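*Asks:* No sequence on hand, only this structure:
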């Protein structure tokens, strides 16, 4: 039983890491022109801050359809284009962005 649990943990971790690596590639090819990671100056928010304040599901949803969600995210206008990515690429980039900040503000008690 212990070996089975260990195997499941290893497989899950390996799959998550593969998604994060794939997501970093998607970020570099599609997002890095407008978004930095861990500081810098760009048109869009730094993804470390995005990771700190947003859930992975919200990141993925916004990346897929920024025009319908910009007001929900607190923006007065939307400058982000709709990206021609596959569902798996949206998921991977959301995994990558979410991995950037291990402590999430939305995890605090009482936050939304």
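*Replies:* Arrived safely, thanks for sending. Keep in mind that this is a model prediction, so the values were computed, not measured.
*Asks:* Residue 78 is in contact with residue 66, isn't it?
*Replies:* Yes - using C-beta atoms under 8 Å, residue 78 makes contact with residue 66 at a distance of 5.3 Å. Where you see a C-beta, it was placed from the backbone N, CA and C, and this is true even at glycine.
*Asks:* Residue 89 - nearest residue in space that isn't next to it in sequence?
*Replies:* With C-beta to C-beta, 6 or more residues apart in numbering as the criterion, residue 89 has its nearest non-adjacent residue at 4.9 Å, and that residue is residue 26.
*Asks:* next one: phi and psi at that neighbour?
*Replies:* Main-chain dihedrals, residue 26, degrees, to the nearest 10: phi -60, psi -40.
*Asks:* Around it, count how many other residues there are.
*Replies:* Per other C-beta atoms under 10 Å, the neighbour tally for residue 26 reads 24.
*Asks:* What pLDDT does the model give it?
*Replies:* Looking at residue 26, its pLDDT stands at 96.
*Asks:* do the same with the one 4 residues further on
*Replies:* At residue 30 the predicted local confidence, pLDDT, stands at 95.
*Asks:* so the nearest residue to it once chain neighbours are set aside is in which element?
*Replies:* For residue 30, ignoring the flanking residues on the chain, the nearest one in space by C-beta to C-beta, 6+ apart is residue 83 at 5.6 Å. Per DSSP states H and E: residue 83 is located in neither a helix nor a strand.
*Asks:* Tell me, how many residues neighbour residue 83?
*Replies:* Residue 83: 14 surrounding residues under other C-beta under 10 Å.
*Asks:* Checking residue 32 next. Helix, strand or coil?
*Replies:* Secondary structure assignment for residue 32 (DSSP: H, G, I helix; E, B strand; the rest coil): coil.
*Asks:* re earlier: gap between the residue nearest to residue 89 and residue 103?
*Replies:* Distance, residue 26 to residue 103, using C-beta to C-beta, to the nearest Å: 24 Å.
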